[in-house]
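Asker: fold the stuff below for me.
(chains A, B, C and D)
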Protein chains: 4
Amino acid sequence: MSHNTYGHLFRVTTWGESHGPALGCVIDGVPPRIPLTEADIQPFLDKRRPGQSRHTTQRREADQVRILSGVFEDPETGEQVTTGTPISLIIENTDQRSKDYGEIKDRYRPGHADYTYEAKYGIRDYRGGGRQSARETAARVAAGAIARKVIGGIKVRGALVQVGPHKIDRANWDWDETARNDFWCPDAKAAKLWESYLDEVRKAGSSCGAVIEVAAEGVPAGLGAPIYAKLDTEIAAALMSINAVKGVEIGNGFEAASLSGEENADEMRMEEGKPSFLTNHAGGILGGISTGQDVIARFAVKPTSSILTPRRSVTRKGEEVDVRTKGRHDPCVGIRAVPVGEAMMACVLADHLLRHRGQVGGL
Amino acid sequence: MSHNTYGHLFRVTTWGESHGPALGCVIDGVPPRIPLTEADIQPFLDKRRPGQSRHTTQRREADQVRILSGVFEDPETGEQVTTGTPISLIIENTDQRSKDYGEIKDRYRPGHADYTYEAKYGIRDYRGGGRQSARETAARVAAGAIARKVIGGIKVRGALVQVGPHKIDRANWDWDETARNDFWCPDAKAAKLWESYLDEVRKAGSSCGAVIEVAAEGVPAGLGAPIYAKLDTEIAAALMSINAVKGVEIGNGFEAASLSGEENADEMRMEEGKPSFLTNHAGGILGGISTGQDVIARFAVKPTSSILTPRRSVTRKGEEVDVRTKGRHDPCVGIRAVPVGEAMMACVLADHLLRHRGQVGGL
Amino acid sequence: MSHNTYGHLFRVTTWGESHGPALGCVIDGVPPRIPLTEADIQPFLDKRRPGQSRHTTQRREADQVRILSGVFEDPETGEQVTTGTPISLIIENTDQRSKDYGEIKDRYRPGHADYTYEAKYGIRDYRGGGRQSARETAARVAAGAIARKVIGGIKVRGALVQVGPHKIDRANWDWDETARNDFWCPDAKAAKLWESYLDEVRKAGSSCGAVIEVAAEGVPAGLGAPIYAKLDTEIAAALMSINAVKGVEIGNGFEAASLSGEENADEMRMEEGKPSFLTNHAGGILGGISTGQDVIARFAVKPTSSILTPRRSVTRKGEEVDVRTKGRHDPCVGIRAVPVGEAMMACVLADHLLRHRGQVGGL
Amino acid sequence: MSHNTYGHLFRVTTWGESHGPALGCVIDGVPPRIPLTEADIQPFLDKRRPGQSRHTTQRREADQVRILSGVFEDPETGEQVTTGTPISLIIENTDQRSKDYGEIKDRYRPGHADYTYEAKYGIRDYRGGGRQSARETAARVAAGAIARKVIGGIKVRGALVQVGPHKIDRANWDWDETARNDFWCPDAKAAKLWESYLDEVRKAGSSCGAVIEVAAEGVPAGLGAPIYAKLDTEIAAALMSINAVKGVEIGNGFEAASLSGEENADEMRMEEGKPSFLTNHAGGILGGISTGQDVIARFAVKPTSSILTPRRSVTRKGEEVDVRTKGRHDPCVGIRAVPVGEAMMACVLADHLLRHRGQVGGL
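Answerer: This next block holds a predicted model:
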């Protein structure tokens, strides 16, 4: 990871600001001859797109992706496939309302990166948050769609497991349920509760945080590496690199601190002639290497900082002011973080799959 | 991060197994003419060294570090200083008891990386855990001592804030207290409780997890970068790369999910002519860039997997067995993780300080 | 360097094929608040653009560059400047004649990378050479224009010093002359000769090679690094990464092999109170670090492989055929390599300038 | 490549100064279960070792290598093999005569990196050249021995093809001859001539340059990558990173500039059902990817800068002085560069082999 690039062999470089002409990414290192068209990417962008329910921002972006390079017709099948050269994706920004930025131009919005960008660079593109906008995650989701093609049989799914203080009841977990509500919530009952909770939050001009869980099924044992390139290290980094994320955990996570060694260690037995684990407290990773079980990660998203209640702040020139954010905002930005978390997990696995094949050979 | 290397400009590469002849690291990219002798590094190794209280493993290692390259006498002062070339550090393994490994050679210890290393590489050095041993962290601590020299005025300190289910009372926080008990615990009362709790755990042949908090004071505003190289991303990666760590959070962390936007956003006012924050829920980082406040991170360490209670497992050959770990082990490996967490934080900051200077100029 | 990315702190990632919708690059790590508009880049693209004299390919591309991200109005000056975030550049391909590729689709053109791309990837975009086309260098030239802004006072200039077997007479060297002929030739007399020589080559449907020299003036002493990151290492890599380049040398280069130590070592004296070299056989680099003199590199470009004379080859299916390349081609692709060589030198220096500042501080 | 690290998947980090306690390297990313003991490495170090003929420096170093990590007994064969974890190699410096450095301490030796190291770092280890000493190449040779194990069937051999102005006659090329003379010269007649030539050079207290050719046989078609990671780019970088190298070329190299397209392009025909090239002007690489032919590279080594004839120079304090280098020196450092060039070629191929396997799968 360096600057705006993620990955070693499967490498994603993202670029673009919220209100510039476009945003996009370059994905380098993709294996050749994988079928790929815009139709493989667009559904994931649609899933992330705002304005699909009353619970997300009403900004409307088509988020139409175009592939600019790295694909061509397969010499045998005639199908459009990857060529092994870099894949450039572009998404034009269509809903850049020409609004008056006079107010936020010189003010640091509390909880936002306005002040820190200026402390670092002496300048920031203040239109819609510029580079710090959650819009950047569209590029990640697009890259994730390609990563999914690379990891083939591995299935990556995400779910919202907490909204504000309200956690799901894990006993009710049903993956199918995630497609039936506006929150990717696997617990129908919790979804119901969140609906009214979020309506209140929105009406109050307030906001709330969330926790997302991402699971990867079908990960072969042996993926990852010891020490700095541990699979959990890279998942943690990938998830923490998403806007507004403040915590990451693998398997039992922070909960593990309270357990005894007897409770926490996953016992093994033989099953159908192969070593098999009886539990998965480890979240599918031991010593930085996958166990063959589901890889499970969770991440916490802080409450949206754009709220109606006035908060104390200062201006570029050192004046003390009150800042109050009007306009279209996600009251719970964590909802739309679900497809982003999935995308990052897919990118990590794609990179590690290629790295493993490089060092050790086929998995 | 790649394989066994951490960092971009301040780069640390570690090597070595628990029971090989030695372990060590190479630190590349260190600025020149920084005073450096073994005496600058040894105290941090001594802090991490086992066998200093009854609460840690009784393995006794001198952990004596030697600098093999990258230092020379300063042309002006005559003092030994860095030269800008790679600094190679070596620590010999002195307590490699020639014991009989027959028992664990073919068995996968539950909770350990025995199975996954073999799944990946088809081989593992089983003596004392080989590369997966916590001994590798000695190299990190040594590197961290050099990182501290690079970050100069920034003060990095760690504390144990939870042992098993027992958290400290933050109202009692006293940094000075961390030097007075065996746990780097900032709450004298909690330390007292932990003592008896750990005695029980140890006597039961059991183990427990822990949570460590690391704080960096004096970090200037502007360190870090947006997107994949966010300061919190790299802290998360660095801490998650430590053995047995399963969760990482910045500032409010997972707690933030339960808060409202009003509660979570840190308000600002002017203080002595400079922007100043009234609270620090963000843990000193906004949008991946430091705010100038203390940078605060926490990480969870799972309970030591080496326990006396027999656990079900399998062998390389597919036989079902019960595994019970005898010998010298930390009942709470989280205790000795405190100096390791500090070291990783120092390395992240050193790397980002140099990277910031590279792109933007002096801070 | 990895895949399609060049550089560590000043990082360029290029993408695009000759006949896809567009090509471009992402430049990451650029210092903030450097004035930058398309007008800073376009002149260098115009210099590289084909079809400007009868000696280069008649393909006509507007090569109009657009900046898609990473710039904004400066808070003080109102000028458009860099923001420190990635700069995405795009150049649309406008002259993609829809021609019949039936002939080259299945044939390996001798001297081209048709066969090797297929050996590696099992597929290639055969339209106009796809990714192997010299068109990719437009992205490098655009990146180089930004690198020039980063290196400020350092002046990077290139000249053609040999065409086919005809070398310039270095005694006639006049930088101003390079702007007066079609070849960036610093020797008016040689340019005259090349003109008639190239007319013959073109009429014969043949092609010829060339040697380019690039000089960087105003490089401060101290740039570069020992061992793998030597300044000459990275210049060699950067120049060798240009299409059709088969050799690179620094200063005396291969000539140095024939000299004695007395002849080759550059002696020093004091001049205006500063160490000064009496000659520059070393090409401005000693031990991988700049001496403060002009940095001088040369690279050899092989003759264009697209020629009218039929050459023996084979097809994808293993048939033996004769291949003859019709259409618009540079008889001496080395001519247009001059601005590309300059761009690569500028990128290397920009990267090393930032890296030096990172490790050591301001230069 | 960054600082003192070479490679992406097969990564070598070297460290150490000429007169420090030791030097060495860490090799990361080596595939597991490759048989490896010191006996696999030592012969290559012995080949590079000084003091083996009157034509090289009389400094006597045992250059005994020790493996400190990354190997263990294979679970099946009991043989010592790689484990997939980093391999740390150390070579102690035994012949560090405690001599008086008073004279060179403050003087910049012409042609050496004394001045530039100080310009960069403000300090240098002047004992025996410190980090700029050719002794560093011992670490490369050791790493190269491991790279050879990784590339298996690929045979890498080097030969000296020019000493001072005296080139070999390629018609006399006989690889077996390289083992029979002191110069790795493939032309018995040239070796004879060089012997007397070098005796003269040595007696005169002078020195001379050399050109080395390295050939890799058995490289499969498809290795390498387009653009910045071209196989020739990385060979150029790897060879240029060796001390005193000032030029690198692939295949025809600079000669190609003088050829016509007809002469230079290698024609193809089918042979035993496979595409086959009739010539190898390209040096086994087209478009950055290997053709399946021998990969051929050459590099020029400048004359040793340490000569008896006094040369004009200056001191740290700005005094003008004459410098004359006494002591044990290679009159032609290019001789011992042969095994170093081989090692670097092996490292490049090992890295690209793993990278290819990562992106595309088995070769």
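Asker: just the pLDDT at A:Arg60, thanks.
Answerer: The predicted structure scores A:Arg60 at 70 on the pLDDT scale.
Asker: and if you look at A:Arg97?
Answerer: What the model reports for A:Arg97 is a pLDDT of 61.
Asker: residues touching the residue in the stretch 1-150 of chain A that chain B sits nearest to, list them.
Answerer: Here the residue of the stretch 1-150 of chain A nearest chain B is A:Ala113; by Cβ to the nearest Cβ that distance is 2.3 Å. Just so you know, the C-beta spots here come from the backbone N, C-alpha and C atoms, and that holds for glycine as well. Applying Cβ atoms under 8 Å, 6 or more residues apart in numbering or on different chains, one finds that A:Ala113 lies in contact with A:124, A:129, A:132, B:226, B:286-289.
Asker: weed out the non-buried ones from those residues.
Answerer: With neighbours counted using 16 or more other Cβ atoms under 10 Å in any protein chain shown, the contacts of A:Ala113 contain these buried positions: A:124, A:129, A:132, B:226, B:286-289.
Asker: just put those in a markdown table and tack on pLDDT.
Answerer: Rendered in a markdown table, the data for the buried ones among the contacts of A:Ala113 read as follows (pLDDT from 0 to 100):
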| residue | pLDDT |
| --- | --- |
| A:Arg124 | 95 |
| A:Gly129 | 88 |
| A:Gln132 | 93 |
| B:Pro226 | 88 |
| B:Leu286 | 97 |
| B:Gly287 | 96 |
| B:Gly288 | 97 |
| B:Ile289 | 97 |
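Asker: nearest residue to the residue of the stretch 1-150 of chain A closest to chain B other than its sequence neighbours?
Answerer: Closest residue in space to A:Ala113, ignoring its immediate chain neighbours: B:Gly287 at 2.3 Å, by Cβ to Cβ, 6 or more residues apart in numbering or on different chains.
Asker: can you give me the helices for chain A?
Answerer: If DSSP state H is used as the criterion, the helices of chain A fall at A:38-48, A:102-105, A:114-121, A:137-151, A:188-203, A:231-240, A:261-264, A:337-359.
Asker: pick the most buried one from these.
Answerer: For the helices of chain A, the stretch with the most neighbours on average is helix A:231-240, a mean of 30; neighbours defined as mean count of other Cβ atoms under 10 Å in any protein chain shown.
Asker: let me know the angle separating it from helix A:137-151.
Answerer: Going by axes from the mean of the first three to the mean of the last three Cα atoms, to 10 degrees, helix A:231-240 is angled at 150 degrees with respect to helix A:137-151.
Asker: elements contacting helix A:231-240?
Answerer: Packed against helix A:231-240, as judged by 3 or more Cβ pairs under 8 Å, 6 or more residues apart in numbering or on different chains; DSSP states H and E, are the following elements: strand A:245-250, strand A:295-301, helix A:337-359, helix B:231-240, strand B:245-250.
Asker: can you list contacts of that helix?
Answerer: Taking contacts as Cβ under 8 Å, 6+ apart, the residues outside helix A:231-240 that touch it are A:1, A:6, A:214, A:223-225, A:245, A:248, A:250, A:283, A:285, A:288-290, A:295, A:297, A:299, A:341, A:344-345, A:347-348, A:351-352, B:1, B:228, B:230, B:232-234, B:236-237, B:240-241, B:245-246, B:248, B:250.
Asker: mind redoing it with 7 Å?
Answerer: With contact meaning Cβ atoms under 7 Å, 6 or more residues apart in numbering or on different chains, helix A:231-240 is reached by A:1, A:6, A:223-224, A:245, A:248, A:250, A:285, A:288-290, A:297, A:299, A:341, A:344-345, A:347-348, A:352, B:1, B:230, B:232-233, B:236-237, B:240-241, B:248.
Asker: surely A:Ser206 touches B:Glu263?
Answerer: No. Because the distance of 9.4 Å does not satisfy Cβ atoms under 7 Å, A:Ser206 is recorded as not touching B:Glu263.
Asker: closest to C:Trp194 among the contacts of A:Ala113?
Answerer: Of all those, C:Trp194 sits closest to B:Pro226, with 49.2 Å by Cβ to Cβ.
Asker: for that closest one, give me phi and psi.
Answerer: When read as degrees, to the nearest 10, the backbone of B:Pro226 gives phi -70, psi 170.
Asker: let me see the contact set for the closest residue in space to A:Val150 that isn't next to it in sequence.
Answerer: What sits nearest to A:Val150 in space, not counting adjacent residues and going by Cβ to Cβ, 6+ apart, is A:Ala350, at 4.1 Å. In this structure, A:Ala350 makes contact with A:10, A:147, A:150-151, judged by Cβ under 7 Å, 6+ apart.
Asker: let me know the closest of those residues to chain C.
Answerer: A:Phe10 (10.0 Å).
Asker: so what's the nearest residue to A:Gly111 once chain neighbours are set aside up against?
Answerer: Counting by Cβ to Cβ, 6+ apart, A:Ser305 is the residue found nearest to A:Gly111 once chain neighbours are left out, at 2.8 Å. A:Ser305 makes contact with A:109-112, B:261, B:265, according to Cβ under 7 Å, 6+ apart.
Asker: for those, give me CSV that also has pLDDT and distance to D:Gly70.
Answerer: Converted to CSV, the contacts of A:Ser305 look like this (pLDDT from 0 to 100; distance: Cβ to Cβ, whole Å):
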residue, pLDDT, distance to D:Gly70
A:Arg109, 93, 51
A:Pro110, 92, 50
A:Gly111, 92, 47
A:His112, 93, 47
B:Gly261, 94, 51
B:Ala265, 89, 49
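Asker: what's the closest of the helices of chain A to B:Met270?
Answerer: helix A:114-121 (12.2 Å).
Asker: name the nearest residue to the one residue in the stretch 201-350 of chain A that gets nearest to chain C, sequence neighbours excluded.
Answerer: With Cβ to the nearest Cβ, the shortest gap between the stretch 201-350 of chain A and chain C falls at A:Arg316, namely 7.0 Å. Leaving out its chain neighbours, the residue that sits closest to A:Arg316 by Cβ to Cβ, 6+ apart is A:Asp106, at 4.7 Å.
Asker: coming back round to it: what's the closest of the helices of chain A to C:Asp169?
Answerer: Checking the helices of chain A against C:Asp169 by Cβ to Cβ gives helix A:114-121 as the closest, at 49.5 Å.
Asker: and the residue lying closest to A:Ala237 once chain neighbours are set aside, how far from chain D?
Answerer: Closest residue in space to A:Ala237, ignoring its immediate chain neighbours: B:Ala237 at 3.8 Å, by Cβ to Cβ, 6+ apart. In this structure, B:Ala237 and chain D are separated by 17 Å, where distance is defined by Cβ to the nearest Cβ, to the nearest Å.
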